[in-house]
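K.L.:
Sequence first, then the predicted structure:
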Amino acid sequence: MRATLFLIGLSGILIALLAVAAMWGWQQSGGQALSIHGYLALGLGALFTFWLTAGLMALVFYSSRHGYDDEAGAAEEIDERIP
């Protein structure tokens, strides 16, 4: 349990450092500056993508634990004629 908490904390720190490095790199590149609306759209897009991914993974785990995946690829369904 202690190792798991350590890895979660370390992952959070690494993600925060990568976010800071990405923002610093963006500002140092001399490109177009984002307005508050741009940052809002970027943040909402990232949040939506995260929640969509989490929801789809939850569906994968739900279907696996409730036996919906058991019949897929069963040995009696495999056609021996196909090499």
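P.N.:
Looks like it came in fine. Not measured: the values here are computed from a predicted model.

K.L.:
What distance do you get for residue 43 to residue 5?
P.N.:
Between residue 43 and residue 5 the distance is 27 Å, computed by C-beta to C-beta, to the nearest Å. To be clear about C-beta, it is placed using only N, CA and C from the backbone, and glycine gets the same treatment.

K.L.:
Burial check on residue 22, number of neighbours?
P.N.:
Summarising burial for residue 22: neighbours were counted as other C-beta atoms under 10 Å, giving 10.

K.L.:
Start at 49, not 1
P.N.:
In the new numbering, first residue 49, that becomes residue 70.

K.L.:
Do you know the pLDDT at it?
P.N.:
Residue 70 carries a pLDDT value of 90.

K.L.:
so where's the chain uncertain?
P.N.:
Counting by pLDDT under 70, the chain shows low-confidence ranges at 79, 120-131.

K.L.:
Now do the helices in it.
P.N.:
50-76, 84-113 (DSSP state H).
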